[in-house]
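S.K.: Structure for this input, please:
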Amino acid sequence: MRMKNLYRKPITTAGSRYCSISVLIIWTLLILVSIFLLHLYSSFNMIQPQPLASFHFHQLQQIENHNFQIPPPNKKSLPQIKSITPLVDEFLDQDSSLREVFFPMETIRKRNDSYNNYYFPGRIWLDTDGNPIQAHGGCVLFDESSTTYYWYGEYKDGPTYLANHNKGPARVDIIGVGCYSSKDLWTWKNEGIVLSAEKTNKTHDLHKSNVLERPKVIYNEKTRKYVMWMHIDSANYAKASIGIAISDTPIGPFEYLGSQRPHGYQSRDMTVFKDEDGVAYLIYSSEGNNVMHIGPLTENYLNVTSVMRRVFVGQRREAPAMFKHKGTYYMITSGCTGWAPNEALVHASDSILGTWETIGNPCVGGNKMFRVSTFLAQSAFVLPLKRFPGLFIFMADRWNPGELRDSRYVWLPLIVDGHDDDQAIEYGFGYRLWARVSIYWHRKWKLPLGWNTFK
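M.R.: Numbering: from 1, shown residues only. Presented below is the predicted three-dimensional model:
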């Protein structure tokens, strides 16, 4: 019950009319201000990243299982190294009854397909000409000037054979580095071979009998050059070097400048990372793959400086893929098991040249054997989506050692600080708390609405 205010003065008729007009004016002003603020908020939201807790992420964070029956083991000995699970044994067996599960014949790119713009990890991915995309072990570069994405990778469209007189690893002759362009990260146009193999000069690094792996491209604003770094090796993997090439345009052709052993050490699986301040870094497996090295590049991105840090000593990690979120550096790596898939690990640091801590397996969903084999794939690159901070695309390769040209791509959503109840985890005594990094398994998925401000 409302109490009457005994101390309020009585209001005259004229005063009442004046008060009503004043209230009407105030309410009108309030409505106009509300409309203006609502319009301002809507406009702001159109250009600002959406919060991670928004409904856009809910579907990507759903845990999806992937179950299938593992057939009984056969007695046939496999030429590959001993694997970690029966699932990987089946994966390495060219005659496995699960072959269609691992390497389905369905394609991703179909005209008038109701699944347009959906990613299907493991399916054949076709370019706009209807041919399988050849960009393995690669990266995606967003070119600011053309607002276009460029996907670079190993062009492996050649016959697979065993090196070293059928005693070495499976490989194909060098063809070159393929490049594809896209506006939506799904429809890819083949831009051709941007760095080609050398067919006649056997002493050249890029002679077809040698090894070219994991090309990565970054842009240097000061020199206005596109710079490619890659793993260069001899047929028996004894050279263990880094190759560098440059171009005036993202679609090449790239000019090969030569190779080196950075900091005087062996270099095999590698990547490059360009920080927000424009400083670029080389990250590479070294010292017999027992140590990872990290060091800044020179200002023109064509060499390493004398600074270098050794991390993950004795852990035998390769396939590094680095990204950054809220001032923290993250790196995903794989174990060293040849073409056989293994368990990915996430590492974190407050400083790229500081102390790195291992914070666990990021894989979520599928099944346990899927998770400990990184969904039967190996990390290649992590692509940030700037409109949605905390959302990335985890790019990985599902290698097919029996037919390397038919290796598949496994692109999945990677989310930092995913679920609302997904608290940061303390992984060991004395360690700080790190945000959870999760790679979610999906048989099919698509990017959230409004992710692309340049479309």
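S.K.: can you give me the strands in the stretch 101-250 of the chain?
M.R.: 136-143, 148-154, 161-162, 170-171, 176-182, 189-196, 211-220, 225-233, 241-247 (DSSP state E, counting those that start in this stretch).
S.K.: wait, which of those strands is closest to P384?
M.R.: strand 136-143 (9.0 Å; Cβ to Cβ). C-beta here means a position set from N, CA and C on the backbone, and glycine is covered the same way.
S.K.: which helices and strands sit right next to that closest one?
M.R.: For strand 136-143, the contact count by 3 or more Cβ pairs under 8 Å, 6 or more residues apart in numbering; DSSP states H and E identifies strand 148-154, strand 211-220, strand 378-384, strand 391-398 as packing neighbours.
S.K.: ok, and what's touching the helix or strand following the last one?
M.R.: The one in question is strand 391-398. Sequence order places strand 408-416 as the next helix or strand after strand 391-398, per DSSP states H and E. Applying Cβ atoms under 8 Å, 6 or more residues apart in numbering, the contact partners of strand 408-416 are 52, 57, 60-61, 103, 119, 121-125, 133, 325-326, 330, 362, 375-377, 382, 390-398, 400, 435-442, 445.
S.K.: just the buried members of these?
M.R.: With burial judged by 16 or more other Cβ atoms under 10 Å, the buried subset of the contacts of strand 408-416 is 52, 57, 60-61, 103, 119, 121-125, 133, 325, 330, 362, 375-377, 382, 390-398, 400, 435-442, 445.
S.K.: How many neighbouring residues does the nearest residue to R316 once chain neighbours are set aside have?
M.R.: Nearest residue to R316, sequence neighbours excluded (Cβ to Cβ, 6 or more residues apart in numbering): C336, at 4.7 Å. A count of nearby residues for C336, using other Cβ atoms under 10 Å, gives 19.
S.K.: Correct me if wrong: C336 contacts F312.
M.R.: No. Checked against Cβ atoms under 8 Å, the pair C336 and F312 is beyond contact range at 11.3 Å.
S.K.: Which parts of the protein are helices?
M.R.: Ranges of helices in the chain, per DSSP state H, are 13-47, 86-92, 99-102, 163-166, 368-371.
S.K.: Contact partners for the residue nearest to R316?
M.R.: With contact taken as Cβ under 8 Å, 6+ apart, C336 is in contact with 285, 289, 316-318.
S.K.: ok, now how distant is it from D269?
M.R.: Separation of C336 from D269 (Cβ to Cβ, to the nearest Å): 9 Å.
S.K.: same check, this time on G258
M.R.: Taken as Cβ to Cβ, the span from G258 to D269 is 20 Å.
S.K.: Next: S306.
M.R.: S306 sits 23 Å away from D269, going by Cβ to Cβ.
S.K.: These two: which is more packed in?
M.R.: D269 (24 against 7).
S.K.: Could you verify my assumption that K156 touches I175?
M.R.: Yes. Here K156 reaches I175: they are 7.1 Å apart, a contact under Cβ under 8 Å.
S.K.: For the two, indicate the residue with more neighbours.
M.R.: Taking neighbours as other Cβ under 10 Å, K156 and I175 compare with K156 leading, 24 against 18.
S.K.: Enumerate every residue touching that one.
M.R.: 134, 136, 172, 175, 404-405, 407.
S.K.: rerun at 10 Å
M.R.: Counting by Cβ atoms under 10 Å, 6 or more residues apart in numbering, K156 makes contact with 134-137, 171-175, 178, 397, 399-400, 403-407.
S.K.: Let me see the contact set for S97.
M.R.: Applying Cβ under 10 Å, 6+ apart, the residues near S97 are 68-71, 90.
S.K.: which residues of the stretch 251-400 of the chain fall in strands?
M.R.: Counting by DSSP E, counting those that start in this stretch, the strands of the stretch 251-400 of the chain are 255-260, 270-274, 280-286, 291-296, 309-311, 317-325, 328-335, 345-349, 357-360, 363-364, 378-384, 391-398.
S.K.: what stretches of the stretch 301-450 of the chain score poorly on pLDDT?
M.R.: Along the stretch 301-450 of the chain, the model assigns pLDDT under 70 to residues 418-432.
S.K.: sorry, back to before: please report which of the contacts of S97 has the highest neighbour count.
M.R.: E90 (23 neighbours).
S.K.: if I look at it, how far off is R99?
M.R.: Using Cβ to Cβ, E90 is found at 8 Å from R99.
S.K.: Equivalent analysis for Y256, please.
M.R.: Distance, Y256 to R99, by Cβ to Cβ: 38 Å.
S.K.: Of those two, which one has the most company?
M.R.: Y256 (19 against 15).
S.K.: sorry, back to before: list the residues that are in contact with both of K156 and I175.
M.R.: 134, 405.
S.K.: for R317, what are its contacts?
M.R.: Contacts of R317 by Cβ under 10 Å, 6+ apart are 269, 285, 289-292, 311, 331-336, 344-345, 347, 358.
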